[in-house]
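A.B. asks: Build me a model:
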Amino acid sequence: MNSPVASNESLVSVENVEKVFRRGSEEIHVLRNLDLQVAQGEFLALMGPSGSGKSTLLNLIGGLDRPSRGTLRVAGEDLHDLPDRKMAEWRARHVGFVFQLYNLMPVLNAERNVELPLLLTHLNRAERRQHVAAALDVVALSHRAKHYPRTLSGGEQQRVGIARAIVTDPTLLLCDEPTGDLDRKSGDEILNLLQALNREHGKTIIMVTHDPHASARASRTVYLNKGQLSTEPVI
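C.D. replies: Coordinates of the predicted model:
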């Protein structure tokens, strides 16, 4: 993992971004003239009610979708007009995703699940094994490498998911409700791990959450409501 990098440079720059979905002749404005700057090395929590556009914004930043209007630069790349093939290459190099429901392959053991993103790289088998071992060590699951998801607790499955997200040493971690399916103890363990990745390994993290207990672990919290951002909680 990379060492922490002190920088005031914006890793994520969202300027006047709008996202509009169409349902027949109807336009649904999910994000409206949205501005957001995320510094390199920051741990940002994104809160807001269901349907406020949090996951939509996360998908835009992660290159899974494109804005309808506005400027979106992440890790030095303008994502608005990036061709699909270049977008996939950029995403594989720069973004690690952590999901609420883990999204592990049940027929693969922990180390094989972690290895999946590396199959898209030019690393040979021995190099992939080294990266997988390092990622599992970071999440303290080396001893469970041969275990399948069905034999792991929810917290362990989420740690495998985090190891998979960091195995390529991405620039940015995007976490969508990473503790939403866990009990408080397991959730706290995941939050401790995310904080360690941020503070000790310099990972920039954007975390969507409904939980104030989780958002308190971030260095900054912003609130999204009706497609617009605020620094104050939505009442």
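A.B. asks: Could you list the low-pLDDT ranges of the chain?
C.D. replies: In the predicted model of the chain, residues 1-8, 234-235 satisfy pLDDT under 70.
A.B. asks: Is the most centrally placed residue in it in a helix, a strand, or coil?
C.D. replies: By C-alpha atoms, centre = their mean, the chain has its centre lying nearest to residue 174, at 1.1 Å. For residue 174, the assignment made with DSSP: H, G, I helix; E, B strand; the rest coil gives strand.
A.B. asks: how far away is it from residue 95?
C.D. replies: Distance of residue 174 to residue 95, computed by C-beta to C-beta, to the nearest Å: 6 Å. For the C-beta atoms, the positions are set from N, CA and C on the backbone; glycine is no exception.
A.B. asks: Regarding the closest residue to residue 91 other than its chain neighbours, what is its secondary structure?
C.D. replies: Nearest non-adjacent residue to residue 91, counting by C-beta to C-beta, 6 or more residues apart in numbering: residue 63, 4.4 Å away. Classification of residue 63 by three-state DSSP places it in coil.
A.B. asks: how about residue 63, what does it touch?
C.D. replies: Residues in contact with residue 63 (C-beta atoms under 8 Å, 6 or more residues apart in numbering) are 74, 79, 82, 87, 90-91, 95.
A.B. asks: what's the most distant pair in the residues you listed?
C.D. replies: Farthest-apart pair in the contacts of residue 63 is 82 and 95; separation 12.9 Å (C-beta to C-beta).
A.B. asks: Comparing the two, which residue is more hemmed in?
C.D. replies: residue 95 (20 against 17; other C-beta atoms under 10 Å).
A.B. asks: Might you report the residue contacts of that one?
C.D. replies: Here residue 95 is in contact with 62-63, 170-174 (C-beta under 8 Å, 6+ apart).
A.B. asks: ok, 7 Å please
C.D. replies: 62-63, 170, 172, 174 (C-beta atoms under 7 Å, 6 or more residues apart in numbering).
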